[in-house]
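In: Give me coordinates for this.
(one chain, ligands or ions: 1)
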Amino acid sequence: MEKQASTSILSTRNLTIGYDDKLVAKNIEINIHPGELIAVIGVNGSGKSTLLKTITKELDAISGEVFLEDLSLEKISAKEISEIISIVLTETHFSKNLSVKELVTLGRHPYTNWLGVLSKIDKDAIQQAIDLIDLQDLADRKCSSLSDGQLQKVMLGRALAQDTPLIILDEPTTHLDLYHKAFVLKLLQKLSKTTQKAIVFATHEIDLALQLCDQIILVNGGKVIQLTPENLIKEKHLEHLFPSDLIQFDAVSKSFKIKS
Ligand SMILES: Nc1ncnc2c1ncn2[C@@H]1O[C@H](COP(=O)(O)OP(=O)(O)OP(=O)(O)O)[C@@H](O)[C@H]1O
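Out: Numbering: from 1, shown residues only. Predicted structure coming up:
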């Protein structure tokens, strides 16, 4: 089995992503390490979801390679992937009739036997996830009774219970107000540091991502670059992200401003 020498949890080599009739981005070289909080940013339709789908094997790469830890993604089974990556999608693919604790318990699915019997390790992982994000008071509530912000925390709880070194989230702050967007992203930042898990999320909250993330992956015009927020700003990659007739990036406040 081909190996790549590095301490990355996930890396790519000369990766090209897209669909049968559409090349989305090429020459992608990204590296994700333990404890890092990484935002994937880019305008609508730039390829953020395509990149996340490709690195989680939901979509085949057009060419190039993805490595999970040091193994080529092509050679790893779905079960092995689920022990390394947990995925939190925006759309909810579960019955909201479940209680919070039942939903968090689903995170242990890759580890339980076919009867779904929980071992002590499973029960401890579920409790730890509930404690880590303060879900104790919500544990017996039905998911249908939760606000979007609470539901997002519960989805994160399920990913934590899966206890993988890498958590990937597709737009975790959609539908949240500014306070809850900041709350969820700050929680992701805290979890990446306390658990040393790598957390990667696609987002349109560029201002917040610049303040909170260790690294930014920018998908733009068929290219993908990975830099620290400081270098992304210093190298002026954000200046021409959007058409300049309406908004411009202000490097001093590290935020986008509407042109007067
Ligand atoms: N199944 C598909 N087949 C062909 N083209 C697709 C498919 N899914 C997406 N695309 C195209 O690939 C490009 C990248 O789409 P993608 O959904 O990855 O962008 P995104 O950055 O996640 O967008 P958004 O911010 O709007 O969610 C777009 O041009 C889109 O139309």
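In: For stretch 117-136, list every residue counted as buried.
Out: 118, 122, 125-126, 129-130, 132-133, 135 (16 or more other Cβ atoms under 10 Å). Any C-beta I mention is one placed from the backbone N, CA and C, and that applies to glycine too.
In: ok, so of those residues, who is nearest the ligand?
Out: The ligand lies nearest to residue 133 out of those, by Cβ to the nearest ligand atom, at 25.4 Å.
In: which residues does that closest one contact?
Out: For residue 133, the contacting residues are 153, 156-157, 160, 187, 191, by Cβ atoms under 8 Å, 6 or more residues apart in numbering.
In: Give me the contacts around the longest helix along the chain.
Out: Longest helix in the chain, counting residues (DSSP state H): helix 178-195. Contacts with helix 178-195, where a contact means Cβ under 8 Å, 6+ apart, come from 35-37, 132-133, 148-149, 152-153, 156, 160, 169, 172-173, 176, 197-199, 201, 203, 205, 208-209, 212-214.
In: Looking at the contacts of residue 133, which one is closest to the ligand?
Out: For these, the nearest to the ligand is residue 156 (19.8 Å; Cβ to the nearest ligand atom).
In: my guess is the closest one contacts residue 173, does it?
Out: No - assessed by Cβ atoms under 8 Å, residue 156 is found out of contact with residue 173, at 11.4 Å.
In: separation between the residue nearest to residue 98 when sequence neighbours are not counted and the ligand?
Out: In space, and not counting its chain neighbours, residue 98 is closest to residue 143: 5.5 Å by Cβ to Cβ, 6 or more residues apart in numbering. Distance of residue 143 to the ligand, given as Cβ to the nearest ligand atom, to the nearest Å: 24 Å.
In: How about residue 140?
Out: Following Cβ to the nearest ligand atom, the distance that separates residue 140 from the ligand is 34 Å.
In: now the strands: where do they sit in the stretch 101-250 of the chain?
Out: 166-170, 198-202, 215-220, 223-227, 247-250 (DSSP state E, counting those that start in this stretch).
In: partners of the second one, with directions?
Out: According to DSSP bridges, strand 198-202 forms sheet pairs with strand 37-41 (parallel), strand 166-170 (parallel).
In: cool, the longest one as well?
Out: Pairing partners of strand 215-220, with direction, according to DSSP bridges: strand 37-41 (parallel), strand 223-227 (antiparallel).
In: Just put the ones you listed in TSV and tack on distance to residue 51.
Out: As requested, the strands paired with strand 215-220 are arranged in TSV below (distance: least, Cβ to Cβ, whole Å):
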stretch	distance to residue 51
strand 37-41	6
strand 223-227	7
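In: Can you say which of those is nearest to residue 253?
Out: Residue 253 lies closest, by Cβ to Cβ, to one member of these: strand 37-41, at 17.2 Å.
In: Could you pull up the mean pLDDT of that closest one?
Out: Averaged over strand 37-41, pLDDT sits at 98.
In: for stretch 197-213, same thing?
Out: Stretch 197-213 comes out at a mean pLDDT of 96.
In: what's the answer for stretch 20-28, then?
Out: Across stretch 20-28, pLDDT averages out at 96.
In: from the chain's centre, how far out does stretch 43-52 sit?
Out: On the basis of Cα atoms, centre = their mean, to the nearest Å, stretch 43-52 sits 13 Å off its chain's mean C-alpha point.
In: List the buried residues in that stretch.
Out: 46-52.
In: out of these, who's nearest residue 31?
Out: Looking across the buried residues of stretch 43-52 and measuring by Cβ to Cβ, the closest to residue 31 is residue 51, at 13.8 Å.
In: Contacts only, for the closest one.
Out: Per Cβ under 8 Å, 6+ apart, neighbours of residue 51: 17, 24-25, 28, 40, 217, 219, 224.
In: hmm, try it at 7 Å
Out: 17, 25, 40, 219, 224 (Cβ atoms under 7 Å, 6 or more residues apart in numbering).
In: same question, residue 164
Out: 83-86.
In: Okay, it and residue 200: tell me how far apart.
Out: Distance from residue 164 to residue 200, counting by Cβ to Cβ, to the nearest Å: 12 Å.
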